[in-house]
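>>> following is a predicted model, sequence given first.
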Amino acid sequence: MHMLNKKRNASVAAAAAALMLGISMLTGCAGGGSSSLPAQLKEDEIKTGSIVTMGTLHDPQVIVADDGTYYCYGSHMTAATSTDLMRWKSWADGVHKGNKIYDNLLQEPFDAFAYVGKNAERSYSVWAPSIIYNKTTGKYLMYFCTTSSYIKSCITMAEAEEIGGPYHYLKTVIYSGFTKPVMNKTNYYEIMGEDKEVRSRYITAAGYNNQLWPNAIDPAMFYDKDDRLWMVYGSWSGGIFLLEIDPETGDPIHPETDDEKELDKYFGKRLIGGGHHAIEGPYIHYDENTGYYYLFLSYGNLQTEGGYQIRVLRSETPDGLYTDASGKSLGINGDLDAFADYGTKLMGNYTLPSLDVTYMAPGGQSTFVGADGKLYIVYHQRYKNKGEQHNVRVHQMAMSENGWPCIFPFATAGESLSESGWQQADPSGTFYIVDQGLKVDSSVNKPVKCEFAKGKITGEKSGTYQVKEGTNFVTLTIDGVNFEGVMVEMPDEAGNNTFCISAVGENNHSIWAVHYMAAR
């Protein structure tokens, strides 16, 4: 009898414990419990500051050496290295014979410039290098562009035995801006033949048709999931184009023309844009975890007040169709004049309470996986009221649960996503929300002050939030729009500890929410 009562009492206790656990879980989902975050900083306790990385490179692309050193290459024959992605040491700068990046580029017979010639300043333009380890040849393959006008450009090829060069110029693979008198200086006839009707696709009475066909600059290479090598390129003009690359020779694999599929034998597949709209700087990242290909782009003019910004679209295949978070794409027959409404905007002009600068015109971006296995985006950054001064910056990114890249609000400083994840009660207190919007202009996206409590957002914006407990994922609904994002604890650029949310909305906007708190 005594043993039976003990068993019954134990059973009742277990049932009560299970009931309490269920109630706890329900209240947790509704916003119950207390936050595990450190105490919130008062507004006057938030330190202000910013970082300058010392790297001054336009259109930066980063490749990681076997020893973990980061090599960054940029336009105008610039190069720098870093071991922490925060401080960069320059080791090459300027288009001159003494530059160590190339061993033969600026030597007779100057083949890389034979078609384009010199620029308006009577010097040579060398822009936007892209470097990848060629898995077939075992060498480092570089594509870069030479140019002399907004349409007369080349994509050229070089290779090196070592990641730091020197790179040996080999040949030019794509030309743009050609007209009949100079076509013999290109490889057009070799690829396309001499049929006059075919030639009329590219040349009108006014000259090269840059409304339909690209400016051959801004190349970027990537491998797809099947280890096929591709190059995406283009700036303004006829849009962004894609060509598969033969890894043995480095030459493009030219498709057959199919206008319905936006395929052109010479230039390849048009992915987005046309009509000489402000879309450039393409970079495609294949993500093994999500299975998507992400097309990162720069919209706007690159100057401080030019509205430069970072956008993204994605596709299940390397050659498209690329769509944004609202499910839209933008082909040559689309509403090109409304291009600003297409493409998910990840970053534009912004400031935050702890920054002592206003960041302007981020762009010329590319992505890479670091030696630590984390996903990063690198780009050049300008500043309000500092002319055209610019520096290279690196931010960490993470994919939302529905597979969109979310850029963390501050320059990377060694932060990591939580291994144990977060609870519904954790995001609590004052958050400063920046909505990146969709404008392509000089306006600055400024933070608004909101309160997060028990799943509700109040203040200058209103809505709700739901944490997927035990993960880094969060869903916010703000002013009726759903945003899927990630949460991360990280230091800001002034030394404050912060809890940040970065999220992408179904309306193509991205938001950052920053909570300032004491150090742990």
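Okay, I see it.
>>> can you give me the helices in the protein?
Per DSSP state H, the chain carries helices over the ranges 2-29, 188-192, 196-199.
>>> list of residues touching the last one?
Judged by C-beta atoms under 8 Å, 6 or more residues apart in numbering, the contacts made with helix 196-199 from elsewhere in the structure are 180, 183, 192. Using the backbone N, CA and C atoms, a C-beta is placed for each residue, glycine as well.
>>> stretch 159-169 too?
Contacts for stretch 159-169 (C-beta under 8 Å, 6+ apart): 63, 65, 71, 79, 81, 100-105, 111-112, 131, 133-134, 137, 139-142, 156-158, 170, 250.
>>> if we use 7 Å, what do you get?
Applying C-beta atoms under 7 Å, 6 or more residues apart in numbering, the external contacts of stretch 159-169 come out as 63, 65, 71, 100-105, 111-112, 139-142, 156, 158, 170.
>>> please point out which parts of it sit buried.
The neighbour-count check on stretch 159-169 (16 or more other C-beta atoms under 10 Å) flags 159, 160, 163, 164, 165, 167, 168, 169 as buried.
>>> where in the protein is pLDDT low?
Along the chain, the model assigns pLDDT under 70 to residues 1-32.
>>> what residue, apart from its backbone neighbours, is nearest residue 297 spatially?
residue 311 (4.7 Å; C-beta to C-beta, 6 or more residues apart in numbering).
>>> my read: that neighbour touches residue 343, true?
Yes. Residue 311 lies in contact with residue 343 (C-beta atoms under 7 Å); the separation is 3.6 Å.
>>> between the two, which contacts overlap?
297, 299.
>>> can you pull the contacts of residue 461?
433, 448, 450, 478, 479.
>>> any buried residues in stretch 143-154, and which?
143, 144, 145, 146, 147, 148, 151, 152, 153, 154.
>>> same question for stretch 178-193.
For stretch 178-193, by 16+ other C-beta under 10 Å, it's 178, 183, 186, 187, 188, 192.
>>> how near is the fourth one to residue 458?
Summarising the geometry, the distance separating residue 187 from residue 458, computed by C-beta to C-beta, to the nearest Å, is 62 Å.
>>> what ranges do the strands span in the stretch 251-400 of the chain?
252-253, 263-264, 268-272, 279-286, 293-299, 309-315, 344-347, 359-369, 375-383, 390-399 (DSSP state E, counting those that start in this stretch).
>>> including mean neighbour count and distance to residue 55, could those strands go into JSON lines?
Listed next are the strands of the stretch 251-400 of the chain as JSON lines, based on neighbours: other C-beta atoms under 10 Å; distance: least, C-beta to C-beta, whole Å:
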{"stretch": "strand 252-253", "mean neighbour count": "17", "distance to residue 55": "31"}
{"stretch": "strand 263-264", "mean neighbour count": "21", "distance to residue 55": "37"}
{"stretch": "strand 268-272", "mean neighbour count": "25", "distance to residue 55": "29"}
{"stretch": "strand 279-286", "mean neighbour count": "25", "distance to residue 55": "17"}
{"stretch": "strand 293-299", "mean neighbour count": "25", "distance to residue 55": "18"}
{"stretch": "strand 309-315", "mean neighbour count": "26", "distance to residue 55": "18"}
{"stretch": "strand 344-347", "mean neighbour count": "26", "distance to residue 55": "18"}
{"stretch": "strand 359-369", "mean neighbour count": "24", "distance to residue 55": "13"}
{"stretch": "strand 375-383", "mean neighbour count": "23", "distance to residue 55": "9"}
{"stretch": "strand 390-399", "mean neighbour count": "22", "distance to residue 55": "4"}
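>>> dump these into TSV; add distance to residue 58 as well.
Shown next, in TSV, are these (distance: least, C-beta to C-beta, whole Å):
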stretch	distance to residue 58
strand 252-253	25
strand 263-264	28
strand 268-272	22
strand 279-286	10
strand 293-299	11
strand 309-315	15
strand 344-347	17
strand 359-369	6
strand 375-383	5
strand 390-399	7
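>>> among those, which comes closest to residue 220?
In terms of C-beta to C-beta, the element of the strands of the stretch 251-400 of the chain nearest to residue 220 is strand 279-286, at 4.5 Å.
>>> how far out from the middle of the chain is the closest one?
On the basis of C-alpha atoms, centre = their mean, to the nearest Å, strand 279-286 sits 7 Å off its chain's mean C-alpha point.
>>> list the contacts of it.
Taking C-beta under 7 Å, 6+ apart as the rule, strand 279-286 contacts 59, 218, 220, 222-225, 232-236, 239-240, 272-273, 293-299, 318, 339, 363-367.
>>> swap the cut-off to 8 Å and go again
Strand 279-286 has contacts (C-beta under 8 Å, 6+ apart) with 59, 61, 128, 217-218, 220, 222-225, 230, 232-236, 239-240, 242, 271-273, 292-299, 318, 339, 343, 363-367.
>>> quick one on the thing from earlier: quick one: which of the buried residues of stretch 159-169 sit in strands?
Among the buried residues of stretch 159-169, DSSP state E puts 159, 160, 168, 169 in strands.
>>> contacting residues for residue 65?
Residue 65 sits next to 71, 163, 164 when contact means C-beta under 8 Å, 6+ apart.
>>> looking at the strands of the stretch 251-400 of the chain, spot the one closest to residue 334.
Comparing those by C-beta to C-beta, strand 268-272 comes nearest, at 8.7 Å.
>>> contact partners of the closest one?
Residues from elsewhere that reach strand 268-272 (C-beta under 8 Å, 6+ apart): 232, 238-244, 252, 254-255, 261-264, 279, 282, 295, 297, 313, 319-320, 322, 329-332, 342-343.
>>> repeat that for stretch 447-455.
By C-beta under 8 Å, 6+ apart, the residues outside stretch 447-455 that reach it are 30-32, 351-353, 424, 427-435, 457-461, 464-466, 513-515.
>>> and it, how far from the chain's centre?
So, by C-alpha atoms, centre = their mean, the centroid of stretch 447-455 is 28 Å from its chain's centroid.
>>> in it, what counts as buried?
Buried, per 16+ other C-beta under 10 Å, within stretch 447-455: 447, 450, 452, 455.
>>> nearest to residue 489, of those residues?
Nearest to residue 489 among those, with distances taken as C-beta to C-beta, is residue 452, at 14.9 Å.
>>> gap between the residue lying closest to that closest one once chain neighbours are set aside and residue 475?
Excluding the flanking residues, the one nearest residue 452 by C-beta to C-beta, 6+ apart is residue 427, at 4.9 Å. To residue 475, residue 427 is 12 Å away according to C-beta to C-beta.
>>> common neighbours of the two, please.
Common neighbours of residue 427 and residue 475 (criterion: C-beta under 8 Å, 6+ apart): residue 465.
>>> which one's more surrounded, these two?
Between residue 427 and residue 475, residue 427 has the larger neighbour count (other C-beta atoms under 10 Å), namely 24 against 17.
>>> residues contacting that one?
By C-beta under 8 Å, 6+ apart, the contact set of residue 427 is 35, 452, 465, 467, 474, 487, 499, 501, 513, 515.
>>> please tell me I have it right and residue 49 contacts residue 411.
No. Applying C-beta atoms under 8 Å, one finds residue 49 not in contact with residue 411, separated by 11.2 Å.
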